[in-house]
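Q: Below: sequence and its predicted model.
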Amino acid sequence: MPFAKPYNYVDGSVLSATGQDSNETAAKCYINNKIVPSDIAGSAFDFDSIQKGELDPITNHYRFATGDIYGKALPNEPLDRSYFTSNVKAVNQTGNDITVWIPTYETATTFELEYTATVMITFGGTYISNSNVEQSHGRWDSKCLLRYNNGTSWQNLDGTRAYTFEENTAAAAGTRDPASGALSAYSKVNDVPERGFRRYMCYNWMISNLAPGSYQFIVAVNPKSEEGYCSARTFTCEVFYT
């Protein structure tokens, strides 16, 4: 049946706040099939009823009542390779004076924050740096880290840095030696953040109080090998509105 408003507006007369409120209340009741708070029993909803969320099958993102999840986890799917050496740095891969951040396309996620939020990034992937052909005395170090764009500039999260080294048994030729000090995978100094990894890298990183807006997160690499690629197995961005 059609909606019948309880308060009628009259041209030229002062609008009544009470009358306007009664119309809005009646309209809300009408839209909700006349369901009012007293119709819902106490404890009618469990937490899992609210947190089931909605899946976007195109982008594989999930939206929940109090936050969102973006990204992917592919433990059972075929490996995707993201090559990071086809770039303008190819003529000087092993140089230390050129920085070219190459994104791993599997980890590029863009999302909108409606309110101030905390974002948790989970990453796990395998980085392979094959031997350089012309300078095979290598073990050149390619630096990897998490970056994000807030709509105006790129920010580096240096606490996520790690290194993938050229697959060669010769002595180190870059600025870092994977077989010595804190960079060694076998080092007893396990609390140094610059500790290097040969292949698999993983971390959780939390960013608090991100302002509303559009953000893009990627895991990028500054390559020093002529052939290299990454297979990201897990990359998720969890948004918590607090």
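A: Alright, I've got the coordinates. Numbers count the residues shown, from 1 in each chain.
Q: Which residue ranges make up the domains of this protein?
A: The chain breaks down into these domains under automatic domain parsing: 1-44, 47-241.
Q: averaging pLDDT over each of those domains, which comes out lowest?
A: Averaged per stretch, pLDDT over the domains of the chain is lowest on domain 47-241, reaching a mean of 74.
Q: So which residues of this protein form helices?
A: 17-31, 47-50 (DSSP state H).
Q: what are the ranges of the strands in the chain?
A: Taking DSSP state E as the criterion, the chain carries its strands at 54-56, 61-63, 67-73, 82-83, 102-103, 109-113, 117-129, 141-149, 154-165, 200-210, 213-222, 228-241.
Q: what pairs with the fifth one, and is each one parallel or antiparallel?
A: If I follow you right, that is strand 102-103. Here strand 102-103 has these sheet partners by DSSP bridges: strand 213-222 (antiparallel).
Q: Can you give the contact residues for the strand it pairs with?
A: Strand 213-222 is contacted from outside by 84, 99-104, 107-113, 119, 121, 123, 125, 127, 142-151, 160, 164, 228, 230, 232, 235, 237, using Cβ atoms under 8 Å, 6 or more residues apart in numbering. Every C-beta, even on glycine, is put in place using the N, C-alpha and C of the backbone.
Q: Any quick PyMOL command for the buried ones out of those?
A: The following PyMOL line selects those of the contacts of strand 213-222 that are buried, judged by 16 or more other Cβ atoms under 10 Å:
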select buried, resi 84+101+102+103+104+107+109+111+113+119+121+123+125+127+142+143+144+145+146+147+148+160+164+228+230+232+235+237
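Q: a markdown table please, covering the strands of the chain and showing distance to K5.
A: Shown next, in a markdown table, are the strands of the chain (distance: least, Cβ to Cβ, whole Å):
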| stretch | distance to K5 |
| --- | --- |
| strand 54-56 | 33 |
| strand 61-63 | 34 |
| strand 67-73 | 38 |
| strand 82-83 | 59 |
| strand 102-103 | 55 |
| strand 109-113 | 36 |
| strand 117-129 | 39 |
| strand 141-149 | 48 |
| strand 154-165 | 52 |
| strand 200-210 | 43 |
| strand 213-222 | 39 |
| strand 228-241 | 35 |
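Q: how close does Y148 sit to T110?
A: 10 Å (Cβ to Cβ, to the nearest Å).
Q: wait, I meant P2
A: When distance is defined by Cβ to Cβ, P2 is 44 Å away from T110.
Q: Just give the number of residues close to S225.
A: Residues lying near S225 (other Cβ atoms under 10 Å) number 28.
Q: which residues does it contact?
A: 85, 93, 129-132, 138, 140, 142, 166.
Q: Next, give me the two most distant ones among those.
A: Taking Cβ to Cβ as the measure, those span a maximum distance of 13.5 Å, between T85 and G138.
Q: Could you check which of the two has the larger neighbour count?
A: Using other Cβ under 10 Å as the criterion, T85 and G138 rank with G138 on top: 27 against 19.
Q: Just list whatever residues bridge to L146.
A: L146 forms beta bridges with L157, V219, as assigned by DSSP bridges.
Q: now swap in I207 and tell me
A: Beta bridges link I207 to V119, judged by DSSP bridges.
Q: how close does it get to A162?
A: To A162, I207 is 18 Å away according to Cβ to Cβ.
Q: between those two, which one's more packed in?
A: A162 (21 against 17).
Q: Run a quick neighbour tally on S22.
A: Neighbour tally, S22, other Cβ under 10 Å: 14.
Q: Fine by me, thanks again.
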